[in-house]
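Asker: The sequence and its predicted three-dimensional model are supplied below.
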Amino acid sequence: MQDKRAKIIGLSVIVLIAAAGTGAVVLLNKPEGDTATQSSDTTTSQSTPTTSDSSTTAETTGTYKDGIYSADGSYRSPGGTETVGVTVTLKDNAITAVNIETHGTGNSAEYQSMFKDGVGALTVGKNIDEVKLSRVSGSSLTSTGFNNALETIKSDAKA
């Protein structure tokens, strides 16, 4: 049992060292009860249609003016800094519509497109303060750009 455990730990260290060079965050198999929620994709594609985590905060932290707001959010990918355009319509602090403008090229364009296809189901109808995405349709890096843009939008829409 200890020999198997030592091999698993050794392999985990190798994976973490390899991931550190790409700037990716790697979550290994976590034990029951582990609540880690942040993860990042590298350049591999996933075929899962829409797998996502949507974290919510315990309380609403702001009041926002109704309207349509847009912002670009940036994030780091293995290919460098990328941006994604986000437009949301707010009504009574809730997101009633969302549109994503993809700016990526190569693999980033593919991930941003997957993100665009799945983001509406995770955001429309939700209080803007409750939306913080970590993975949408296999794209977790684009979520960082989306979350950054959403913070700018919240600042712009503050009542």
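Answerer: Done, it's in. Numbering: from 1, shown residues only.
Asker: which residues in the chain form helices?
Answerer: Across the chain, reading from the start of the chain, the helices by DSSP state H fall at 2-20, 107-123, 141-157.
Asker: and stretch 100-118, C-alpha only, in CSV?
Answerer: As requested, C-alpha coordinates have been extracted for stretch 100-118 and formatted as CSV (Å, rounded to 0.1, in the frame of the first residue of the first chain):
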residue,chain,number,x,y,z
ILE,A,100,-20.2,36.7,-26.0
GLU,A,101,-17.9,38.2,-28.7
THR,A,102,-15.0,35.8,-29.3
HIS,A,103,-11.6,37.3,-29.9
GLY,A,104,-9.5,34.2,-29.7
THR,A,105,-7.4,32.5,-32.4
GLY,A,106,-6.5,28.9,-32.8
ASN,A,107,-7.3,26.8,-29.8
SER,A,108,-8.5,29.8,-27.9
ALA,A,109,-11.1,30.5,-30.6
GLU,A,110,-12.4,27.0,-30.2
TYR,A,111,-12.7,27.2,-26.4
GLN,A,112,-14.3,30.7,-26.6
SER,A,113,-16.9,29.3,-29.1
MET,A,114,-17.7,26.4,-26.7
PHE,A,115,-18.0,28.9,-23.9
LYS,A,116,-20.3,31.1,-25.9
ASP,A,117,-22.6,28.1,-26.7
GLY,A,118,-23.0,27.2,-23.0
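Asker: how about it: buried residues?
Answerer: Neighbour-count burial for stretch 100-118 flags 100, 102-104, 107-108, 110-112, 114-116, 118 (criterion: 16 or more other Cβ atoms under 10 Å). Placement of C-beta: from N, CA and C, glycine included.
Asker: With stretch 151-159 instead?
Answerer: Neighbour-count burial for stretch 151-159, with 16+ other Cβ under 10 Å as criterion, is recorded at 153, 154, 157.
Asker: Now for the nearest residue to residue 86 once chain neighbours are set aside, how many residues are close by?
Answerer: Counting by Cβ to Cβ, 6 or more residues apart in numbering, residue 86 lies nearest to residue 149, which is 3.8 Å off, once chain neighbours are set aside. The burial count assigned to residue 149 is 24, neighbours taken as other Cβ atoms under 10 Å.
Asker: I'd like to know which helix or strand in the chain has the lowest mean pLDDT.
Answerer: Between all helices and strands in the chain, the lowest mean by mean pLDDT, DSSP states H and E belongs to strand 53-55, at a mean of 40.
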